[in-house]
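Asks: Quick one: sequence and predicted model below, then my questions.
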Amino acid sequence: MLGQLETTYVQYLSPEGKLSVAGHAVWNQLSAEMKISFYRWMSFVRMFDRRSVILQRQGRIGTYAALEGQEAAQVGSALALSKEDWIFPSYREHGVAMIAGMPLSQIFLYWMGRVEGCKPPEGVRLLPPSVPIATQIPHAVGAAWASKLKKETSVAVAYFGDGATSEGDFHEACNFAGVFRVPAILFCQNNGYAISVPFSRQSASPTVAEKAKAYNFPGIRVDGNDVLAVYDVMKQAIERARAGEGPTLIEAVTYRKGPHTTADDATRYRPASEVEEWVKHKDPLTRYTRLLKAEGLLSDAEEREWEAECKAQIDSAIKEAESSVPAPPEHLFAHVYAKLTPNELRQQQQLRKRGGRR
Amino acid sequence: MLGQLETTYVQYLSPEGKLSVAGHAVWNQLSAEMKISFYRWMSFVRMFDRRSVILQRQGRIGTYAALEGQEAAQVGSALALSKEDWIFPSYREHGVAMIAGMPLSQIFLYWMGRVEGCKPPEGVRLLPPSVPIATQIPHAVGAAWASKLKKETSVAVAYFGDGATSEGDFHEACNFAGVFRVPAILFCQNNGYAISVPFSRQSASPTVAEKAKAYNFPGIRVDGNDVLAVYDVMKQAIERARAGEGPTLIEAVTYRKGPHTTADDATRYRPASEVEEWVKHKDPLTRYTRLLKAEGLLSDAEEREWEAECKAQIDSAIKEAESSVPAPPEHLFAHVYAKLTPNELRQQQQLRKRGGRR
Amino acid sequence: MKQLTMVQAICDGLRVALDQDPSVLILGEDVGKNGGVFRATEGLWNEFGDDRVIDTPLAEAGIIGTSIGLAVNGFKPVAEIQFMGFIYPAFEQIVTHAARLRTRTQGAFPASLVIRAPYGGGIRAPELHCDSTESLFVHIPGLKVVTPATPKDAKGLLLAAIQDPDPVIYLEPMKLYRSIKEEVPEGWYEVPIGKARKVREGEDITLIAWGTMVPVAEGAAKELEKKGVSCDLIDLRSLYPLDEETIIQSVKKTGRVVIVHEAPKTAGLGAELTALINEHAFLYLEAPVTRVTGYDAPVPMFALEDDFRPSVSRVSEAVQQVLAF
Amino acid sequence: MKQLTMVQAICDGLRVALDQDPSVLILGEDVGKNGGVFRATEGLWNEFGDDRVIDTPLAEAGIIGTSIGLAVNGFKPVAEIQFMGFIYPAFEQIVTHAARLRTRTQGAFPASLVIRAPYGGGIRAPELHCDSTESLFVHIPGLKVVTPATPKDAKGLLLAAIQDPDPVIYLEPMKLYRSIKEEVPEGWYEVPIGKARKVREGEDITLIAWGTMVPVAEGAAKELEKKGVSCDLIDLRSLYPLDEETIIQSVKKTGRVVIVHEAPKTAGLGAELTALINEHAFLYLEAPVTRVTGYDAPVPMFALEDDFRPSVSRVSEAVQQVLAF
Ligand SMILES: Cc1ncc(C[n+]2csc(CCOP(=O)(O)OP(=O)(O)O)c2C)c(N)n1
Ligand SMILES: Cc1ncc(C[n+]2csc(CCOP(=O)(O)OP(=O)(O)O)c2C)c(N)n1
Ligand SMILES: [Mg+2]
Ligand SMILES: [Mg+2]
């Protein structure tokens, strides 16, 4: 698998929902539970995402980065990870965050501009979304390095976009990862655009995967809309990492169906035909649903049931987030230091005295 | 040539002073003047360099970065450039600077800690040594980009070391160079060490040249102690650049015979046997002198004559530098802005009033 | 004259510069086809083409580093950093090279360029988009730092920055991009760097603000006027060089000062202004120079940003305290 | 107790920390086999091995970025930046992440690490090696910034920094690395962060300095003593948090202040100190707080560095001017 040409990619499930020969082999190894799990999470993530876009329009959350179209890349990779593994996401990995164990209500809080939403529950090794592009990649490499130094088997994964590969931090992180052979997975969702800038203006090399050669570790290109392929490629990379064989760069080729964020207008820079191609013909959820249905693992009724269940969970998370008591203004001093200095204590006191008056 | 394996390199002249078949072809194309020129410059640069080390020991200049061992890489590449080309050096490219037209006395002034030594004569497109590692590479890419935008044929070259390839600036510069296909030459002198850190701790990929793949332009590895090979590889890269075919990364494999700078003790981190191998068997000047002598182009007497000539020039440059009137303290405000603000004018006035009193 | 918002005025300034000065280039992330995430470069790519309005890879050090090379070789780059919070990857290129190249080359190869960056909070932007760390740049000799508070100043200062032979950090208060419209002259005009703007003349106290905080200070001044307090309000516009004369004259007149900035207090520009006033008008001061600023905490996510940013009431209260001193 | 230079004391502190705290890691350029370009890590690689004293690739953002990850996953990285002039490539990682991670994760994953960097001039180092831009870091909430002026403080402050749960920038005055020897206690001891050191008690004027400038201020104080001027000299040690109490008490006693720093004047830490004093001791001031600093020009190459750096005579003259005010 690792020897493929970078400009092609690993694909097990065609857009029509047909398994390839290699795909069959992978499929047959999966438990029924796992098979349905891919579907459930992708569907859940999509419903969450669509709902979030609506919440933004309603003014109930702030600017939101939708992920629709990238569900397979996120769900496939995240389901391959264990509780012990570390995750360093960008701002678009809500799907990953949920699977890692971040409560939905926390995710909503984050997009409501509430820092409380950044904090994962005890035991969830998930960092808050990294907004400055590529900066989280060295963190993942450092965390993976720590696992190695402690002789633990946990791996660390950094999620980032195609645009991130242009930043110096991507390079320095890859270089450290290669030199110290750390158990890191550098997971790039190449959705073809960094806001409006197409990958061709981002990189002269036609793929992200081939960039791994400069660091002497495998770079794998996978159909990011094929949840089975993503899962399998990720699984193998994780196994290699746990076995002490070092890092892997994964390029999941995908597409965001909507704008960059709710503040963006993607029609300014993307041809309608291109969008249509991805939306109509390459959708990750449709494709996988077709397979499940063809295999008799999912009925229309079960689909409706699951969607209702998702809706209920999302509704309840929204309720929870919206009814969560806002932190008082002086909370902006919470955790600035382990112990505030006299200067901050004084300022916090001043702020507290205002009693919410602005 | 561009299709070689990166772990081998282009070599025309063996350490024993023998030309390869390809080397013969290159040799036969060179004018007699050019042939002697390689020798003269390498010898000149070496004498300058050794003298500088002595001057540092005598306390007549500050900490100095010697280049001995890297003469072929510098002379071969610099002689391939034209007056119109831009040069963005690091702190070790005195050889390049001289060939570019920087007066020796200026170079001495620089190492005497005098900023006047930074300024090239009118028409010399040479920037001052870039001390912060890798930061000059994007400058070269920008200057090359400007040439392209102006539809000029000048190219820009950045000189840097193997250590520099780890910096984000190297990556970002290469990436811009590739994306905009600018006429830049990224010339890496891989001398095996970044101060004490060996290249194996700097990079998991065994060569610098192969890193060019990530940016989709050629990366060429050349014996950096073979002045003919360096010259030819550089020449070809320049031609490609002038023809609009974009950037080239050149890795000149070489070795600094001495410590990193006069403040460094290289015996702490380099095995004596390794140093000996390079000093005794791979010296760039010895090798080329052997060839010239074998070809009957250089006699012992001519050698002595040339060395005397060099010594005279170096002596006179030292004299010039040492007798150059030191800039007064207030000179530290010269050129901070095109026109000083009232604040700096006031401070400059205060400084001037001190009349050199500290 | 047309009524323009600040972001329109900036766009107009860029258009005029591209049109009149062939050495001007615009480069940055999403500045081309997309016209900038705030539409500050809207239409320019269509009008001037891909060689003059350039979408770059996502790499701030690369943008500034190549801009320096472009400047050395004859262009006048106007580089956009998408948000000031993302200027830090380019910090080395700015601090070590852009600021020092004129000195280091003794005038031979100055890095004559402009760096535009939207800054400050107040628009519910996502995390880390809202820094206002202007004092970091003011501390670096060799840089100039400016920020407008009105559409007219925005265009004039921008053209002055483009005309200026030195590297200029041009900070754009996001919050004011669309909040005010005013008549903006057509064509090329400059608002000189180094000159503050007197927003209001007053006798009782000097208010000093810039960029995002000018309307806040102005709001306070209006409120205070009703209470019989007359404020001398200075919009600095130029953060380096400072218009010492205007500042000191005002302080000598009023004897009392409140400085308003959005950045955290400690080592913010308010500190330098305080020191400057202390140095040049010590005997005129009737009360301590007082700072109303962001708090010494990371800029919070937007739920608390209005508590972090100085408000009209915080400024008014500070003025009253200073007057009561 | 052994007589140690500052660089030896630092090395000793690092050794003690490696020895007593298994989570401590040292990483940076040339810190391993070579023992550091100033020998601050001499012998440690041999003693503790390649997994605890780690030569990294030449990449400052990578060093700090991976250190943050190492910290998140259980280690206490003590990262070396070879010279403060080369800290800027890591600026984003420091400002955006190290400083904010505790807040951003609400205490879950603080970036508990130490960043060591030699700074300042005076040793004829090559160009761009001599910055002292401490005020940039003081402006960033979430960071602590310290710098010692004596070998004993160097070790104690270093161990306090390593013990501290917050990210600490630990600046090492190169000029003082080997210029003083003093008795340095063995084993683990801490000099608390946030507490200044009273170098001399005096009545007439307060001198405030730190790091490289402490001996300069001390030299001036000694000279002035002969002229009958008694100086209260404070070595700040901790630049953030500041020891407000010690500063303010001294100013209330003397009524006059001279601040000495090597960094350029504008927006240097002297500005914040002036503002602080103005805020808390306004009525006690008998003369303007005066700054003796590096000039507002790029740190010059070494031929002029002694003209740039504050000298004993510049400090003495400033004190006399302040006394004559
Ligand atoms: C350092 C930095 N520069 C600029 C930005 C502004 N910005 C936010 S997202 C984005 C594009 C990112 O593209 P990509 O990495 O492909 O991820 P995607 O959004 O496509 O998932 C940009 C330029 C930023 N957040 N951080
Ligand atoms: C950004 C930066 N970091 C660290 C240094 C300190 N330093 C000076 S030279 C050097 C090693 C450079 O190695 P390399 O790039 O291989 O060049 P060489 O000295 O071997 O020619 C280091 C770490 C620096 N000058 N700049
Ligand atoms: Mg993308
Ligand atoms: Mg090297």
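Replies: Looks like it came in fine. Ligands and ions are numbered 1, 2, ... in the order given.
Asks: burial measure for C:Gly255, as a count.
Replies: Using other C-beta atoms under 10 Å in any protein chain shown, C:Gly255 is surrounded by 18 other residues. The way it works is simple: take the backbone N, C-alpha and C, and place the C-beta from them, glycine included.
Asks: How about the residue in chain C positioned nearest to chain B: what's its closest non-neighbour residue?
Replies: Closest to chain B within chain C is C:Gly69: 2.1 Å, counting by C-beta to the nearest C-beta. In this structure, C:Gly69 finds its nearest non-sequential neighbour in B:Gly142, 2.1 Å apart by C-beta to C-beta, 6 or more residues apart in numbering or on different chains.
Asks: related to what we said a few turns ago, which ones are touching the residue of chain C closest to chain B?
Replies: The contact partners of C:Gly69, by C-beta atoms under 8 Å, 6 or more residues apart in numbering or on different chains, come to B:Phe88, B:Pro138, B:His139, B:Ala140, B:Val141, B:Gly142, B:Ala143, B:Ala144, B:Trp145, B:Ala146, B:Ala156.
Asks: if I pick the residue nearest the centre of chain C, what's in contact with it?
Replies: The structure's chain C has its C-alpha centroid closest to C:Thr147; by C-alpha atoms, centre = their mean the separation is 2.0 Å. C:Thr147 sits next to C:Tyr119, C:Glu134, C:Leu157, C:Tyr170, C:Leu171, C:Glu172, C:Pro173, C:Trp210, C:Gly211, C:Leu236, C:Arg237, C:Leu239 when contact means C-beta under 8 Å, 6+ apart.
Asks: Up against ligand 1, what does chain C have?
Replies: Contact residues (C-beta under 6 Å from any ligand atom) of chain C with ligand 1: C:Glu29, C:Leu58, C:Glu60, C:Gln82, C:Phe86, C:Pro89.
Asks: what's the distance between the residue of chain C closest to chain B and B:Ile137?
Replies: Using C-beta to C-beta, to the nearest Å, we find C:Gly69 at a distance of 9 Å from B:Ile137.
Asks: quick one on the thing from earlier: pLDDT score assigned to the residue nearest to the centre of chain C?
Replies: Predicted confidence (pLDDT) for C:Thr147: 98.
Asks: Chain neighbours aside, what residue packs nearest to A:Arg114?
Replies: C:Ala303 (4.6 Å).
Asks: What does the pLDDT read for the one you found?
Replies: So C:Ala303 comes in at 97 (pLDDT).
Asks: what do you get for the one 3 residues further on?
Replies: C:Asp306 is assigned a pLDDT of 97 by the prediction.
Asks: Who are the contact partners of the residue nearest to C:Gly69?
Replies: B:Gly142 neighbours (C-beta under 8 Å, 6+ apart): B:Phe176, C:Gly65, C:Thr66, C:Ser67, C:Ile68, C:Gly69, C:Leu70, C:Ala71, C:Val72, C:Asn73.
Asks: Ok, A:Gly192 next?
Replies: Taking C-beta under 8 Å, 6+ apart, we find A:Gly192 in contact with A:Asp162, A:Pro198, A:Phe199, A:Tyr255.
Asks: Adding secondary structure, pLDDT and distance to B:Ala327, write these out as CSV.
Replies: Below are those laid out as CSV (DSSP: H, G, I helix; E, B strand; the rest coil; pLDDT from 0 to 100; distance: C-beta to C-beta, whole Å):
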residue, secondary structure, pLDDT, distance to B:Ala327
A:Asp162, coil, 98, 50
A:Pro198, strand, 98, 51
A:Phe199, helix, 98, 51
A:Tyr255, coil, 98, 60
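Asks: For chain A, which segments count as strands?
Replies: Assigned by DSSP state E, chain A shows strands spanning A:86-88, A:156-161, A:184-190, A:193-194, A:197-198, A:219-223, A:248-253.
Asks: Mind giving me the packing neighbours of the third one?
Replies: Other elements packing on strand A:184-190 under the criterion 3 or more C-beta pairs under 8 Å, 6 or more residues apart in numbering or on different chains; DSSP states H and E are helix A:71-78, helix A:136-149, strand A:156-161, helix A:168-180, helix A:227-242, strand A:248-253.
Asks: give me the low-pLDDT residue ranges for chain A?
Replies: A:1-5 (pLDDT under 70).
Asks: measure C:Ser112 to B:Phe333 for me?
Replies: Between C:Ser112 and B:Phe333 the computed distance is 19 Å (C-beta to C-beta).
Asks: Up against chain D, what does the stretch 151-300 of chain A have?
Replies: Contact residues (C-beta under 8 Å from any C-beta of the partner chain) of the stretch 151-300 of chain A with chain D: A:Ala156, A:Gly168, A:Asp169, A:Glu172, A:Ala173, A:Asn175, A:Phe176, A:Val179.
Asks: Out of the residues you listed, which is nearest to chain B?
Replies: Distances from chain B to those, taken as C-beta to the nearest C-beta, are shortest for A:Gly168 (1.7 Å).
Asks: any idea how far the nearest residue to that closest one once chain neighbours are set aside is from A:Arg125?
Replies: Distance criterion C-beta to C-beta, 6+ apart; nearest residue to A:Gly168, sequence neighbours excluded, is B:Gly168 at 1.7 Å. For B:Gly168, the distance to A:Arg125 (C-beta to C-beta) stands at 27 Å.
Asks: higher neighbour count, these two?
Replies: Counted by other C-beta under 10 Å, B:Gly168 and A:Arg125 do not tie: B:Gly168 has more neighbours, with 30 against 22.
Asks: Tell me the pLDDT of the residue of chain C closest to chain B.
Replies: Reported pLDDT for C:Gly69: 98.
Asks: Can you tell me the element it falls in?
Replies: Following DSSP states H and E, one finds C:Gly69 within helix C:60-72.
Asks: what's the one residue sitting closest to the centre of chain A in contact with, if anything?
Replies: Compute the mean C-alpha point of chain A, and by C-alpha atoms, centre = their mean the closest residue is A:Glu93, 3.0 Å away. Residues in contact with A:Glu93, defined by C-beta under 8 Å, 6+ apart, are A:Leu67, A:Gln74, A:Ile87, A:Pro129, A:Tyr159.
Asks: The longest helix along chain A - contacts with which helices or strands?
Replies: For chain A, the longest helix by residue count, based on DSSP state H, is helix A:32-57. On a contact count with 3+ C-beta pairs under 8 Å, 6+ apart, helix A:32-57 meets helix A:71-78, helix A:94-100, helix A:104-111, helix A:227-242, helix A:284-294, helix A:300-323.
Asks: Tell me which of those helices sits nearest to ligand 2.
Replies: helix A:227-242 (29.7 Å; C-beta to the nearest ligand atom).
Asks: in the closest one, what counts as buried?
Replies: Residues of helix A:227-242 classed as buried by neighbour count (16 or more other C-beta atoms under 10 Å in any protein chain shown): A:227-238, A:240-242.
Asks: Any idea how far apart the tips of stretch A:8-24 sit?
Replies: Its first and final residues considered, stretch A:8-24 spans 19 Å by C-alpha to C-alpha, to the nearest Å.
Asks: Now stretch C:103-119: buried residues?
Replies: Neighbour counts over stretch C:103-119 (16+ other C-beta under 10 Å) mark C:103-106, C:108-119 as buried.
Asks: Adjacent strands (with direction) for the lengthiest strand in chain C?
Replies: Assignment by DSSP E gives strand C:257-264 as the longest strand of chain C. As defined by DSSP bridges, the strand partners of strand C:257-264 come to strand C:205-209 (parallel), strand C:290-294 (parallel).
Asks: Make a markdown table out of the ones you listed and add mean neighbour count and distance to D:Pro264.
Replies: A markdown table is the format used below for these (neighbours: other C-beta atoms under 10 Å in any protein chain shown; distance: least, C-beta to C-beta, whole Å):
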| stretch | mean neighbour count | distance to D:Pro264 |
| --- | --- | --- |
| strand C:205-209 | 29 | 21 |
| strand C:290-294 | 25 | 21 |
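Asks: got a markdown table for the ones you listed, with mean pLDDT and distance to A:Asp300 too?
Replies: Putting these into a markdown table (pLDDT from 0 to 100; distance: least, C-beta to C-beta, whole Å) gives the following:
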| stretch | mean pLDDT | distance to A:Asp300 |
| --- | --- | --- |
| strand C:205-209 | 98 | 63 |
| strand C:290-294 | 98 | 55 |
